[in-house]
Structures are given as structure tokens and as C-alpha cells.
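Colleague: Show me how the following folds:
(chains A and B)
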Amino acid sequence: MRSIWEASLVIARRDFWATVKARSFIFFMITPLLVVGFAILTAVVQSSNRDEGPKVAIVTDAETRDALIEARARLVAGTDEREFPRLERVDPAQDVRSQARALIGDDESDLSAVFSGTLDRPVLSGPERIDNAFVGKRMTLIIEEAQRNRVLAGAAPGSQPAAVERDVTAGAAGNLREVRTGVARFGQFIVFFMTLLLATMLLSNLIEEKSNKVIEVLAASVPLDAIFFGKLLAMLGVSLIGIALWGGMAALAAAFSVQLMPAGFELPDISPAIGWPIYVLLLAVYFTTNYMILGSLFLGIGGQATSVREMQNLNMPVTFLQMGFFVLALTVVGGNLGLWQWAAFIIPFSSPMAMIAEAGQSATLWPHLLAIPWQAFWVFLLIRISAAMFRKTVLKSGGEIRIMPRFGRKTQS
Amino acid sequence: MSSAFAIEAKGLFKSFDGKEAVSGIDIAVPTGTIYGILGPNGAGKTTTIRMLLGIIEPDRGARTLLGHERPLEAAREVGYLPEERGLYPSMHCREAIAFMGALRGLPLDVGRKRADILLQQNGLGDYTHKPIKSLSKGMAQTIQLFGTIVHQPKLIVLDEPFSGLDAINQGRLEQMIRDEAASGTTVIFSTHVIHHAERLCERIAIIAGGQVRFEGEVATARDRLRPQVRLRTRAADGPWRAALPAGAALRDGLWQFELPGTGVEPLVKALVDGGAGIEELAIERPGLHDAFVQIAGEAAARQIEEDRRADLEAAA
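Modeller: Below you'll find the model as predicted:
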């Protein structure tokens, strides 16, 4: 007894190795790396040309403020401007502690920390992570330089300088909502871009079998559904290899880039609402479902084409089709739940991109437990329809078009 | 439908774009025989085979393949060589054979071992790791044939298997078909070359114009025609002429006519008694070609001859 799954694996294995062993595969693998490499190079060049470093607000009296600014100037004189955070004067309000927290949580500000208090009792407000990072360490140097200078000038007793008091805040420069919106868009873009890059290849995937007449051998041996599903699996495997390589290289490049960044560079504090482990898992799942849904559609459309010319003509409308669904999925980011948003979640061609955005914005898990089976059902349905259309129009087979299988029956005995 | 038949089809109809390709095909292929589907190109042979194998569905009619109403259920036990040969050009010979076996449920490692044996046995061991695209057309066809039998099927279906092969490869293929049949495998093939069917088949179906004109044993087809008599006499005329049937024709001094129903002895006696002076007398059993002309008609016979010539030119 033999199942469609086993037959699909035979097709998938052949297609996978045929693709991976082809010489052209190396170009497929390195082209995105070249693009990413170029982007990183550009970013590094731009960052090295940047004059601005992180910024710290000084909310204190004029004497302390001037002492800090002078201390910074002395320190910078022996090194480089970018080796110390910029200081921004802000007039103190009634409740300086609340003012400092408000400043650091302001979406419009680009502050990394806020200094308040005096040199006798310095307070640095900001997220915990700055303590062992550039801003925390360099601000401590500036404060200590100001304290030392005051002692040398005789303006203060030569006792042990006061330690910096820390006022730890949840974050800095930008609220959580914006961060999550960014994560949502990032996830959508990754799913869209990877699918755009990889699924369009499926358009021409059946042309080899048709031009070499292999389709006749395949169609006589295994169900057409297995041929379609096998081809999808093979190209998904190829795509995942590509993604693993590109992802690994991107991670290495990112790690390397951080080392290359100027001293003032701070890694942003970003995390999706649902948490990174589940988010990454969902990213993989939604890429797979998006790839399978669009891939089975493209395989079906491509299967109808009779020549390479027709295939080329189909490329552009199919790309625009993908972009249309991407735009629909974009409506769920940051907006309220309306008709467009519901459409984006429900329509199978936009659902994976909409749902990965949802994972970035909301910690609720159950919508994903509904969405994944829904999308899987559409993969199944599209494969059935594509195979039935291929049988009807390409193989010129008559008889009924059966979308739902005869449950409980095996394909072969 | 009983298991005495590897294939049974009743009333198969198929139209393409409103034009009927086959209309009411009835055939029954006994298990363990070599069966030929004979007819000119465009007669409906390939459409019939594709319907039998489930590649396309008939508009009407029923068929069973090794007892299965849904042909794909029997796929593991069937080997199929399509008319339009199809192999992946970049695949190596061994992998191509094993892959075709895997499509029919044969594990890949077993398929590779059997591929090695098939290639070695047929003197093609050097081609094991050669890509298909480097082979000649005939060689590629041989590789595909190995892929058709690598999983040791109970039924082998070959669509125009001799087409495009040179005489040596045709002989090799004929031997392979005989060997498979000798081991109990049912072999069915379509052809437009009458002598292949005549040499190999126990039973045939003659198809012309999308219909089965004859279905049965080769001997039965030939027996539909009376034996042919060729006679040369010394006497140009005389009482012996009364012994000749009405359809007798004189061509190049040679009388040709069907053997009368009364048999050989009364004919010979009448010729001798009538003073014919027999110089040459030959009685020939009709060949399948004659039977084909009689069954399918002159037009089909002419076309099948043209197909054969075109085939020879292609092979050359």
C-alpha cells in the first residue's frame, strides 16, 4: 500500500536534488548575499560618516549643567567627539524625577538617558541595559570628571565623590507600540520578500516535465496531487536551505557589523509582543504556509502555460498579485480591526503576512491556532484545484473534477 | 470482470474538442500474453492506452487494469513506456532507472542495484553514470525501457516501442518482450508496423478510425482470408479455365486467386484434367498484412505503410 505522501516524497527528492546539484544553484544562493552584503557595506559607510552619537538630557541647575558640559569638553579634547554622548540642556520642572521619565518615554525624543540631581547626588534615568554600555559608562566618566574638577577648584571638600544613583526605566526613546509595529512590519516584509523571491520560481516548475514529456510517465505512475505536492515540498526545501544560509550569513554579518559600529552605537531594545521564541517559530510557519499557498497557486497557473514565453508573460501579473496581497496585509499593522483587517486575516493569500504582523503586536496565541489550520486547508484545496485543472486542460482528460478526495482509500494497492 | 484478463475495456469513448478520438473501444488482454494494438497513426491507439492507464479519463465506458477499476491503484504492478519518451536530461542512467522504479513504489536502493544489473546484462555498464542528455535517442529509449521494467511489473504497456529504433535495437527489444512474457508478464504494445505484431503477438486488436475493427488471435485474423493461389500454366486457354474462380486475375503470366472452398485436391485435379500444363503452383496462407487490408480497408493499409516508411527514415 502506498500513500500520496510517499509518492510526493519521490517527486520531491528528485526535484530537490536536481535543483541543488545544478550549477545555477550557486547563483541562486549567492545573489541575495551580494544584495545583503552591499546593504551592510552601505550601512557601515553611512554610520562611519555619522557625527551624531547617543544623546543624554541634563535636567539640573545651571551650575551642575555647566560643570558637566565642561567636563565633557575636557574629556573629548583628548579623544574624539563621538567617544562621549552628546548632552542636551533641559530646564528642570517641579518634579524632576517625573520629568526625566517623561522625557525618556517621549516618542519624539531620541534620548538614551536623562541626568538629574546634582554632582553631590547625581541621578541617571534610563533603561537597565545602559549600565554596562556606552552611555552609562561614559556618563559616569563625565560625572566623575566634573566631581574631580570641583574638588581641584576647591569648590567642594576632597572626600569620596558621590556615586551615580540609577533610576531604571522600562525603555527609552520610543514607546512599546512603535517598537512592536516595527517588528510586525519586519515580519511581514520577511515573509513577503522571501515568498516573492522564492515562490515565483514555481511558475516554471512544470515546464521541464512538459517539455521533456516526463509528465506522461509521472501521470501514469502517481496521482497528479502527489506531483504538485512533491514539487512544492522540493522547492520549499530548496528555499529553506537558502533561508538558512542567508539567515546565518545575515546573523554573522550583523554580529560583525556591531563590532564595526562606532562607540556610541546602542542596540535597540525590540521584542515582539508574543516573545521571540514563539515569534521565530511563527515566522517559519507563516513563511511555509505563505509559500505553499502562493506556490500551489503559481504551480497551477504555470502548469497551464504551454511555452516559456507564456511563462514570462505570467511573471509580472503574478508579482503584482503578490504585492496586492502584501498591501492588504499591511492594513493590520497599527490599525484598528475593520473590514480590511478582517479581510487580510481571512483571505488565504494575505493571511500568513497578516498573522505574523499580529504576532508582533499581540501576545494572544489562539488566533494562530485557528489561522494555521485554515491556511493549511487552503494549501490542500489549491493543490487539488491545480491538479484537477492540469488534468482537465493539459492532459485533456475528461471525467469529473473531484476536489475532495475519497477518504479512506489508498492510491495504490 | 475476471482476473483471467490483465486489461478489460468495454465501450470506451473519448472526444477532444468535440472530435471523437475513439468510439466504443472493447478489448480484453488475457493475462500472460503478448498483445498488440495495431493501427495507423491517429487511429486512437495512444488515446486508448492512456485511458487504460488512467492518464486520461474516458468520456464513457469502463475499464479494469489488473482487476482495478481505478488504474492508479495498480500502478505498482504496471510498467509504461509512453509514445513520447520522457526522461530528465541531467539524470544519470542509473538514477533515471531507479527513479522510474521509485515512482512505482520500488525502494531507491533496490532500484539502483537492479539498474546496475540491467545495464551490465545488456552491455551498457559503461553508461551507468552518464547523463541522459549524452545518450543517443535509441540509447535513451533503452534506458527508459529499463525504467519501465525495473520494478518487475505484472503488466508492461509499451506505446509504439519500436518507433525510432534501428534494426539492432528493434531485435533487442523484441527479445526483451519475449523474455518478459516467458516469465509470466503480460505485455501489451501498440504499433503501426504489422510485422512486429505478427512476429510477437498472440492476440491483437486492429484499430482504425477510433474503432476496434478486429480483436482476437492473430491466426483468427489471418483465417478470415482464404489462402491465395498463384498458378503458371503452359496452356494459355482450355477447359482447365473453368476450374478458376470468378475473381482470378492474370498478372505477368501468373494467375492469382483465392483457394476455392472445395480445397486443393479438386482444383489440382480439374487443372490437370483440363490440360492446363502446370508449370508453377503455390498456395500461400495470407499474412497479417493481407488480413489488415481486408479488416481495416485499403486507406488504413496505405497509411500504415506510410507511417512505417516515415519511421524508417526517422530511425535512419
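
Colleague: ok, which stretches of the stretch 151-300 of chain B are strands?
Modeller: In the stretch 151-300 of chain B, strands defined by DSSP state E, counting those that start in this stretch lie at B:155-159, B:186-191, B:203-208, B:211-217, B:228-233, B:249-251, B:254-258, B:278-284, listed in chain order.

Colleague: could those go into JSON lines alongside distance to A:Phe192 and mean pLDDT?
Modeller: From N, CA and C alone the C-beta is placed, and that goes for glycine too. What follows is those, written out as JSON lines (distance: least, C-beta to C-beta, whole Å; pLDDT from 0 to 100):
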{"stretch": "strand B:155-159", "distance to A:Phe192": "46", "mean pLDDT": "95"}
{"stretch": "strand B:186-191", "distance to A:Phe192": "51", "mean pLDDT": "95"}
{"stretch": "strand B:203-208", "distance to A:Phe192": "55", "mean pLDDT": "92"}
{"stretch": "strand B:211-217", "distance to A:Phe192": "56", "mean pLDDT": "91"}
{"stretch": "strand B:228-233", "distance to A:Phe192": "78", "mean pLDDT": "92"}
{"stretch": "strand B:249-251", "distance to A:Phe192": "82", "mean pLDDT": "90"}
{"stretch": "strand B:254-258", "distance to A:Phe192": "80", "mean pLDDT": "91"}
{"stretch": "strand B:278-284", "distance to A:Phe192": "78", "mean pLDDT": "92"}
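
Colleague: and of these, who's closest to chain A?
Modeller: Nearest to chain A among the strands of the stretch 151-300 of chain B is strand B:155-159; the distance by C-beta to the nearest C-beta comes to 8.3 Å.

Colleague: So which other helices or strands are in contact with the closest one?
Modeller: helix B:45-53, strand B:78-81, helix B:137-149, helix B:167-182, strand B:186-191 (3 or more C-beta pairs under 8 Å, 6 or more residues apart in numbering or on different chains; DSSP states H and E).

Colleague: Starting from it, tell me which strands it pairs with and how they run.
Modeller: Applying DSSP bridges, strand B:155-159 is found paired with strand B:78-81 (parallel), strand B:186-191 (parallel).

Colleague: Looking at those, which is nearest to A:Val114?
Modeller: Taking C-beta to C-beta, strand B:78-81 is the member of these nearest to A:Val114, at 78.7 Å.

Colleague: May I have the closest one as CSV, with CA atoms only?
Modeller: Below are the C-alpha coordinates for strand B:78-81, written out as CSV (Å, rounded to 0.1, in the frame of the first residue of the first chain):
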residue,chain,number,x,y,z
VAL,B,78,2.4,-1.8,-14.2
GLY,B,79,5.3,-0.6,-16.3
TYR,B,80,4.6,2.0,-19.0
LEU,B,81,6.7,3.3,-21.9
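
Colleague: Identify all contacting residues around that strand.
Modeller: Contacts of strand B:78-81 from elsewhere in the structure, counted by C-beta atoms under 8 Å, 6 or more residues apart in numbering or on different chains, are A:217, A:220-221, B:53, B:65-66, B:71, B:104, B:144-145, B:148-149, B:151, B:153-159, B:161.

Colleague: how about the helices and strands packed on strand B:155-159 in CSV, adding distance to A:Phe377 and mean neighbour count?
Modeller: CSV is the format used below for those (distance: least, C-beta to C-beta, whole Å; neighbours: other C-beta atoms under 10 Å in any protein chain shown):
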stretch, distance to A:Phe377, mean neighbour count
helix B:45-53, 31, 25
strand B:78-81, 33, 26
helix B:137-149, 36, 22
helix B:167-182, 45, 15
strand B:186-191, 41, 25
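
Colleague: Could you export these to TSV, including columns for distance to A:Arg97?
Modeller: Rendered in TSV, the data for the helices and strands packed on strand B:155-159 read as follows (distance: least, C-beta to C-beta, whole Å):
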stretch	distance to A:Arg97
helix B:45-53	83
strand B:78-81	83
helix B:137-149	81
helix B:167-182	93
strand B:186-191	93
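
Colleague: do you know which of those lies nearest A:Gln312?
Modeller: Proximity to A:Gln312, assessed across the helices and strands packed on strand B:155-159 by C-beta to C-beta, is greatest for helix B:137-149 (28.9 Å).

Colleague: Could I get the phi/psi values of B:Thr64?
Modeller: Dihedral angles of B:Thr64 (phi, psi; degrees, to the nearest 10) stand at phi -130, psi 140.

Colleague: Now for the closest residue to A:Gly334 other than its chain neighbours: which residues touch it?
Modeller: Using C-beta to C-beta, 6 or more residues apart in numbering or on different chains and skipping residues adjacent in sequence, the residue nearest A:Gly334 is A:Thr181, 4.7 Å away. When the contact criterion is C-beta under 8 Å, 6+ apart, the partners of A:Thr181 are A:Val333, A:Gly334, A:Gly360, A:Gln361.

Colleague: Next one, pLDDT for A:Thr181 please.
Modeller: Reported pLDDT at A:Thr181 in the predicted model: 77.

Colleague: Remind me which helix or strand it belongs to.
Modeller: Assigned by DSSP states H and E, A:Thr181 belongs to helix A:176-199.

Colleague: Moving along the chain from that helix, name the first helix or strand you hit.
Modeller: Towards the C-terminus, the helix or strand next in line after helix A:176-199, according to DSSP H and E, is helix A:207-211.

Colleague: Just the buried residues of that following helix, please?
Modeller: Neighbour-count burial for helix A:207-211, with 16 or more other C-beta atoms under 10 Å in any protein chain shown as criterion, is recorded at A:Ile207, A:Glu209, A:Lys210.

Colleague: For A:Glu88, give the beta-bridge partners.
Modeller: Counting by DSSP bridges, A:Glu88 is bridged to A:Ala57.

Colleague: so what's it up against?
Modeller: A:Glu88 is in contact with A:Lys55, A:Val56, A:Ala57, A:Ile58, A:Leu111, counting by C-beta under 8 Å, 6+ apart.

Colleague: Spell out which parts of the stretch 1-150 of chain B neighbour chain A.
Modeller: B:14-16, B:53-59, B:68, B:72-76, B:78, B:80, B:82, B:84-91, B:99-100, B:102-105, B:108, B:144, B:147 (C-beta under 8 Å from any C-beta of the partner chain).

Colleague: Tell me what angle the longest helix along chain B forms with strand B:211-217.
Modeller: Determined from DSSP state H, the single longest helix within chain B is helix B:298-315. For the pair helix B:298-315 and strand B:211-217, the angle between their directions (axes from the mean of the first three to the mean of the last three C-alpha atoms, to 10 degrees) equals 80 degrees.

Colleague: what mean pLDDT would you report for helix B:298-315?
Modeller: 79.

Colleague: for stretch B:133-151, same thing?
Modeller: Predicted confidence along stretch B:133-151 averages 91 (mean pLDDT).

Colleague: With just CA atoms, put it into PDB.
Modeller: The C-alpha atoms that make up stretch B:133-151 are tabulated as PDB, following Å, rounded to 0.1, in the frame of the first residue of the first chain:
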ATOM      1  CA  LYS B 133      21.500  14.100 -22.400                       C
ATOM      2  CA  SER B 134      24.800  12.500 -23.500                       C
ATOM      3  CA  LEU B 135      23.000   9.400 -25.000                       C
ATOM      4  CA  SER B 136      21.700   8.800 -28.500                       C
ATOM      5  CA  LYS B 137      17.900   8.700 -29.000                       C
ATOM      6  CA  GLY B 138      17.900   4.900 -29.200                       C
ATOM      7  CA  MET B 139      20.100   4.500 -26.100                       C
ATOM      8  CA  ALA B 140      17.900   6.900 -24.100                       C
ATOM      9  CA  GLN B 141      14.900   4.800 -25.200                       C
ATOM     10  CA  THR B 142      16.600   1.700 -24.000                       C
ATOM     11  CA  ILE B 143      17.200   3.300 -20.600                       C
ATOM     12  CA  GLN B 144      13.600   4.300 -20.400                       C
ATOM     13  CA  LEU B 145      12.600   0.800 -21.200                       C
ATOM     14  CA  PHE B 146      14.800  -0.500 -18.300                       C
ATOM     15  CA  GLY B 147      13.000   2.000 -16.100                       C
ATOM     16  CA  THR B 148       9.700   0.600 -17.300                       C
ATOM     17  CA  ILE B 149      10.600  -2.900 -16.200                       C
ATOM     18  CA  VAL B 150      12.900  -2.300 -13.200                       C
ATOM     19  CA  HIS B 151      10.200  -2.800 -10.600                       C
END
